[in-house]
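Trainee: Generate coordinates for the sequence data below:
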Amino acid sequence: MNNKTISSLFVLFAIVSIGMTAAPGAFAEHSMNATVENAEGSSMPGCEPDCFIPATVTIGVGGMVTFANNDTAAHTSTAGTPADGPSGAWDSSLVMMGAAYTTPALDAGEYPYFCMVHPWMEGLVIVEEESHDDHGDEHGDMKDHGDMEEMEMQTLTAADIAIDIADGAKAGERVSIDVTISGSHVNYDIVATHGGEEILNESDNHSHTGEGNHVTSALAADASDDLPIDVTVTFQGFGIPGDEFTGPIGLTSNAQAVPEFGAIAAVILAVAIVSIIAVSAKSRLSFMPRI
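Mentor: As a prediction, this is how the structure comes out:
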């Protein structure tokens, strides 16, 4: 069997693997960052308790929340409550239709928030510390040491990075992008462009579970074959922020996705094709018996 046939078989395997990959949760617990949207028509009472979607999000310490206004009216995201007023943790001021606001990095705690223009709109951000065994006994120390060794032993290839993108993106809409990286305590950067314009640029993302959700700015035109969305994910290592990172730091995967085709983990396919062709051409190894 020639190298071209072998390469084709591997590409087919990569495509099948993509189809079997489960889509990650859009708002995974303990993700470093989360996105909240204003419910449509929330400028009028009646949307309670889901005037913010989702009304409650949980992130890790140092994480941030992006409030995207897809409603037809201006809103604010203000830390505090309608009864007690602003707490000072953050205040977006007026966020116009199609715009967004991102909070500063948040410390551990619970942060109620509301819209100062429409006080019936309320939500909650929960910022949690990572769970550690702080008893300090011999078994606890051994468990922590084992966790660190497991983290150091984690390996990663481009095939372990998946990108899922919401379908049906049109001009004026924001696009939700989910990133799944095999492993725990992953750190990465993500950049997305459309028509040569940058629509997303987030660095220093950390996820306990390897899952993260990101939302682009509004598209200037419909996504299409001629005008796809290009996504680049750069792996920055395994580890807890503040500690030394391990793994293939700087591993970069590029995906070109056209949303109307649905959730596409193009990064796996693109890298698989390039890698297989390169290996086959150099080594001329036969991975399957001759027929």
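
Trainee: Where does pLDDT dip in the stretch 51-200 of the chain?
Mentor: 130-154, 167-168 (pLDDT under 70).

Trainee: residue ranges for the helices of the chain, please.
Mentor: Ranges of helices within the chain are 3-20, 138-153, 266-283, based on DSSP state H.

Trainee: Give me the mean pLDDT for the last one.
Mentor: Read it as helix 266-283. Mean pLDDT, helix 266-283: 46.

Trainee: Quick check: bridge partners of the residue nearest to Ala55 when sequence neighbours are not counted?
Mentor: Leaving out its chain neighbours, the residue that sits closest to Ala55 by CB to CB, 6 or more residues apart in numbering is Gly123, at 4.5 Å. Backbone N, C-alpha and C define where each C-beta goes, glycine included. For Gly123, the beta-bridge partners are Tyr113 (DSSP bridges).

Trainee: What is the burial count for Thr76?
Mentor: Using other CB atoms under 10 Å, Thr76 has 20 neighbouring residues.

Trainee: wouldn't it be in contact with Pro119 here?
Mentor: No. Using CB atoms under 8 Å as the test, Thr76 is too far from Pro119 to be in contact (10.2 Å).

Trainee: and the closest residue to Glu122 other than its chain neighbours, what is it in contact with?
Mentor: Leaving out its chain neighbours, the residue that sits closest to Glu122 by CB to CB, 6+ apart is Phe114, at 4.7 Å. Phe114 makes contact with 78, 80-82, 121-123, according to CB atoms under 8 Å, 6 or more residues apart in numbering.

Trainee: Quick check: the residue nearest to Ala55 vs His206, distance?
Mentor: The gap separating Gly123 from His206 is 23 Å, by CB to CB, to the nearest Å.

Trainee: can I assume the residue nearest to Ala55 is in contact with Asp50?
Mentor: No. Checked against CB under 8 Å, the pair Gly123 and Asp50 is beyond contact range at 9.0 Å.

Trainee: for stretch 172-180, which positions count as buried?
Mentor: By neighbour count on 16 or more other CB atoms under 10 Å, the buried set for stretch 172-180 is 173-180.

Trainee: And for stretch 188-202?
Mentor: Buried, per 16+ other CB under 10 Å, within stretch 188-202: 188, 190-194, 199-200, 202.

Trainee: Quick check: the two most widely separated of those?
Mentor: Tyr188 and His194 (20.1 Å; CB to CB).

Trainee: got the residue ranges for the strands in the stretch 51-200 of the chain?
Mentor: 52-53, 56-68, 78-81, 85-91, 100-102, 109-114, 122-128, 161-165, 176-181, 186-194, 197-207 (DSSP state E, counting those that start in this stretch).

Trainee: ranking these by burial, who's on top?
Mentor: Stretch with highest mean neighbour count among the strands of the stretch 51-200 of the chain: strand 161-165 (a mean of 25; mean count of other CB atoms under 10 Å).
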